[in-house]
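Engineer: when you get a sec, could you give me coordinates for this:
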Amino acid sequence: MGRMGIRYWMIQRALPIYTIRLPGTRLYVVNTPSLISAVQRHVQTLSFSPFLARAASNLIAASKPGVEILSQDEENGFIPRFHHFNHVSLSPGRDLDAVKKRTWKIMASLSARESANSPRRVRMYEWISHEVMMTTTEAFYGSQNPFRKPAIRTAWSKYYSGMTYLLTGVMSSITARQSIRGREALVQAFEQYYSEGSLEDTETSPYIKDQYECFSQGGLKDPDIARTESAFSIALLSNIMPATFWTLYHIFSDPVILQDCRKEVSAALHRGESENYSLDLSSVEVSCPILVSTYTEALRHHSTGISVRQVLDDQLIDDYILKKGAIVMIPSGMQHFNPSIWGETVNEFDHLRFLGAKGRIRSFGGGLTLCPGRHFATSTILGFAASIILNFDMQPWSGQWVIPTVENSSVELVRHGGLASPGKSAKSKSPWKTLMILILYVTYVTIKL
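Structural biologist: Numbering: from 1, shown residues only. So this is what the prediction gives:
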């Protein structure tokens, strides 16, 4: 398993469910849609909450009272209340509309600014990541956005890069030293954000204001709120940046896809009284089905997350008994590359695959852990892609499009989903190391629970 890395999961996908035995515990890896649905239905006995408790301590490094609050899973406890808040606030409605409108306004200024600087040479992933990070954080945090400072953007990257090591809680002061420094810099930035009255700013999104109230009413003090917000920024940004990159990569690297999407987006333009054309970004999801299908296919190809659950009591799933204390793992890639679901073209990038209802993907998780931010993420990615398609041309400096490697991308331990980041260098942690860290973490959590 170690030498094969991420391919190990792909080879084992023929099995509906299988067991990996570890010292003191078992891992159940679930592959088939019917069993995945069954796992999602048993929320009381197959729970993600124990991992949230460990994350509160290891990833967030909250105070002891903060960890106790963040770990409350009983009815009306912090976890179910925050879960409800997120799904209500980030579902279509007032709060989501407000942050969407500000996002689209920022995107419009990006097009004007970059057009004035064109042509120029950029590193595609770095440029897209930067622009998406700034667009997203400006929309949420307003004019006092901490991410306007380059040092905070660097701190975020350091924090995120060592997240897997932090989650283990094993010698993290050594294995994740830079990540801890990045986290603490982020925490200080958010403490300053709150102390300077940024929540009163009219440009701060209703979501961030209401989120602070949810945290405060739950009993968290400002230092722990700042720590929780730092972790929230990981959830906010870590998938939306690579998802935007992969969508644009597949569009611009294939002339047929680019032509189809550009024709479709151009047809959605509206001509104003001054003969200027504009695009209503709020209508892209409805008026541009090929672009939506291309984006969804990009998610199918590049999702790498592994959803996990703790077995709190013996549970029968179809004809399989899951034993108390074990860990259930659902690798998203297994469903996304299952020939019985997607047919003979499963390994091909078909930008028209999702024009009809041809299958579900798990890039945003599923069941109770379905990502509440999926509406915002989809709107932002499609709006950004449409704006780039209309205003820019991209050509690789080498003259040939080469798909970036993801062989060294992390296998992320996630609640909702995970996207592979492209272009990892040889210094990045390998799938073998990530899998070993994942197993170490699962073993450690099992011992501690």
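
Engineer: checking Tyr125 next. Helix, strand or coil?
Structural biologist: The three-state label given to Tyr125 by DSSP: H, G, I helix; E, B strand; the rest coil is helix.

Engineer: that one reaches Pro422, doesn't it?
Structural biologist: Yes: with contact defined as Cβ atoms under 8 Å, Tyr125 reaches Pro422; the gap is 5.5 Å. All C-beta spots, glycine's among them, are computed from the backbone N, C-alpha and C.

Engineer: joint contacts of these two?
Structural biologist: Residues touching both Tyr125 and Pro422 by Cβ atoms under 8 Å, 6 or more residues apart in numbering: 242, 245, 404.

Engineer: list the contacts for the second one?
Structural biologist: Think Phe245. Applying Cβ under 8 Å, 6+ apart, the residues contacting Phe245 are 124-125, 128-129, 422.

Engineer: mark which of these are buried, thanks.
Structural biologist: 124-125, 128-129, 422 (16 or more other Cβ atoms under 10 Å).

Engineer: name the element Glu68 belongs to?
Structural biologist: Using DSSP states H and E, Glu68 sits in helix 64-70.

Engineer: ramachandran coordinates for the one residue sitting closest to the centre of the chain?
Structural biologist: Centroid-nearest residue in the chain, with Cα atoms, centre = their mean: Asn239, separated by 3.1 Å. When quoted as degrees, to the nearest 10, the phi and psi of Asn239 stand at phi -100, psi -30.

Engineer: with adjacent residues omitted, what lies nearest to it?
Structural biologist: Among residues not flanking Asn239 along the chain, Leu419 sits closest, at 4.7 Å (Cβ to Cβ, 6 or more residues apart in numbering).

Engineer: the one you found: neighbour count?
Structural biologist: 27 (other Cβ atoms under 10 Å).

Engineer: kindly report the same for Trp156.
Structural biologist: 25.

Engineer: looks to me like it is in a helix.
Structural biologist: Yes: assigned with three-state DSSP, Trp156 falls within a helix.

Engineer: do you know the pLDDT at it?
Structural biologist: Per-residue confidence at Trp156 stands at 98 (pLDDT).

Engineer: re the thing from before, just put the contacts of Phe245 in a markdown table and tack on distance to Ser340.
Structural biologist: As requested, the contacts of Phe245 are exported to a markdown table (distance: Cβ to Cβ, whole Å):
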| residue | distance to Ser340 |
| --- | --- |
| Met124 | 35 |
| Tyr125 | 33 |
| Ile128 | 34 |
| Ser129 | 35 |
| Pro422 | 28 |
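
Engineer: any idea which of those residues is closest to Ser89?
Structural biologist: Ser129 (25.3 Å; Cβ to Cβ).

Engineer: so what's the closest one up against?
Structural biologist: Ser129 neighbours (Cβ under 8 Å, 6+ apart): 241-242, 245.

Engineer: okay, buried residues for the helix or strand hosting it please.
Structural biologist: For Ser129, the host element (DSSP H and E) is helix 124-141. Within helix 124-141, the residues that count as buried by 16+ other Cβ under 10 Å are 124-125, 128-129, 131-141.

Engineer: now stretch 178-185
Structural biologist: Across stretch 178-185, burial judged by 16+ other Cβ under 10 Å covers 179-180, 182-183, 185.

Engineer: same check, this time on stretch 211-221
Structural biologist: 211-212, 214-215, 218, 220.

Engineer: can you pull the contacts of Asp313?
Structural biologist: Going by Cβ under 8 Å, 6+ apart, Asp313 touches 45, 324.

Engineer: for it, give its distance to Ser157.
Structural biologist: 40 Å (Cβ to Cβ, to the nearest Å).

Engineer: if we can go back for a sec, and the least confident of the shared contacts of Tyr125 and Pro422?
Structural biologist: Pro404 (82).

Engineer: in which helix or strand would I find that residue?
Structural biologist: Judged by DSSP H and E, Pro404 forms part of no helix or strand.

Engineer: can you tell me the closest non-neighbouring residue to it?
Structural biologist: Pro422 (3.4 Å).

Engineer: again with Ser233
Structural biologist: Trp156 is the one closest to Ser233 (Cβ to Cβ, 6+ apart), at 6.3 Å.

Engineer: equivalent analysis for Ser89, please.
Structural biologist: Here the residue nearest Ser89, using Cβ to Cβ, 6+ apart, is Asp95, at 4.7 Å.

Engineer: over to Ala231?
Structural biologist: Ile60 (5.0 Å).

Engineer: mind listing what that neighbour touches?
Structural biologist: 66, 70, 224, 227-228, 230-231.

Engineer: which among those residues gets closest to Gly325?
Structural biologist: Among the contacts of Ile60, and counting by Cβ to Cβ, the member closest to Gly325 is Leu70, at 22.5 Å.

Engineer: that closest one reaches Phe51, doesn't it?
Structural biologist: No: under the criterion of Cβ under 8 Å, Leu70 makes no contact with Phe51, lying 11.8 Å away.

Engineer: more neighbours, these two?
Structural biologist: Neighbour totals were compared for Leu70 and Phe51, and Leu70 leads with 27 against 22 (other Cβ under 10 Å).

Engineer: need the pLDDT of the more buried one.
Structural biologist: pLDDT, read off for Leu70, is 92.

Engineer: strands paired with the strand or helix carrying Thr19, and their directions?
Structural biologist: Following DSSP H and E, one finds Thr19 within strand 17-22. Paired with strand 17-22 in the same sheet, following DSSP bridges, are strand 25-30 (antiparallel).

Engineer: output the strand it pairs with as PDB, restricted to C-alpha atoms.
Structural biologist: What follows is strand 25-30 as a C-alpha-only set of coordinates in PDB (Å, rounded to 0.1, in the frame of the first residue of the first chain):
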ATOM      1  CA  THR A  25      -8.400  -0.600  15.200                       C
ATOM      2  CA  ARG A  26      -9.800  -1.300  11.800                       C
ATOM      3  CA  LEU A  27     -10.400   0.900   8.700                       C
ATOM      4  CA  TYR A  28     -13.500   0.100   6.600                       C
ATOM      5  CA  VAL A  29     -13.100   1.500   3.100                       C
ATOM      6  CA  VAL A  30     -16.500   1.900   1.300                       C
END
